[in-house]
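Q: Structure for the following, please:
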Amino acid sequence: MGCAEPTLRWRGLLAGTGCANGRDKGGDGDSAVRRVVGLRLRVRALLPVAAVFLAAAGPPTTEPLGAESCTGCHMNGAGVGVLQGRPAQDITQEMEAFRSGAQPATLMNRIVKGFTPDEVAALSGWFAAQ
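A: Residues are numbered from 1 along each chain as shown. Now for the predicted structure:
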């Protein structure tokens, strides 16, 4: 039994015959399973590399969750500090001060407790980029 429909394959990524019908020349289908498993392992190995590239891309360009509620008070002319354009580190430090109680507040100490540190970092980076 042979491969009736040969296809092109990427050298080094896929093993086996490259048959479009998913069977090797013996017809047992084991090579198709090996190809899928091998590809999944290679993708997993590349995930840390992709994370580095994504982190190097800079702050998010889309508004993170919660940013809209911040701009209700923290916008030009609102009388409360404007967040847009402030350094991300300053925003993060201020939020952590509210969370810990080091910075007295009537509202922000409660609001910041609803955000994880990762969400605070995302918000800080986004507002800094505005």
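
Q: In contact with E94, which residues?
A: Q103 (C-beta atoms under 8 Å, 6 or more residues apart in numbering). Heads up, the C-betas are built off the backbone N, CA and C, glycines and all.

Q: quick one: it is in a helix?
A: Yes: per DSSP: H, G, I helix; E, B strand; the rest coil, E94 lies within a helix segment.

Q: got the CA positions of the host helix or strand of L123 in CSV?
A: Assigned by DSSP states H and E, L123 falls within helix 117-129. Presented in CSV, the C-alpha positions along helix 117-129 are these (Å, rounded to 0.1, in the frame of the first residue of the first chain):
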residue,chain,number,x,y,z
PRO,A,117,-0.7,43.2,40.4
ASP,A,118,-0.6,42.1,36.8
GLU,A,119,-3.7,44.1,36.0
VAL,A,120,-2.2,47.2,37.8
ALA,A,121,1.0,46.7,35.6
ALA,A,122,-1.1,46.5,32.5
LEU,A,123,-3.1,49.6,33.4
SER,A,124,0.1,51.5,34.3
GLY,A,125,1.8,50.6,31.0
TRP,A,126,-1.3,51.6,29.0
PHE,A,127,-1.8,54.9,30.7
ALA,A,128,2.0,55.7,30.4
ALA,A,129,1.8,55.1,26.7
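
Q: How about it, which residues are buried there?
A: Across helix 117-129, burial judged by 16 or more other C-beta atoms under 10 Å covers E119, V120, A121, A122, L123, S124, G125, W126, F127, A128.

Q: go on, stretch 81-91?
A: Buried, per 16+ other C-beta under 10 Å, within stretch 81-91: L83, R86, A88, I91.

Q: Which two among those are spaced furthest apart?
A: In these, the most distant members under the criterion C-beta to C-beta are L83 and A88, with 10.1 Å between them.

Q: which neighbours do the two share?
A: Common neighbours of L83 and A88 (criterion: C-beta under 8 Å, 6+ apart): F127.
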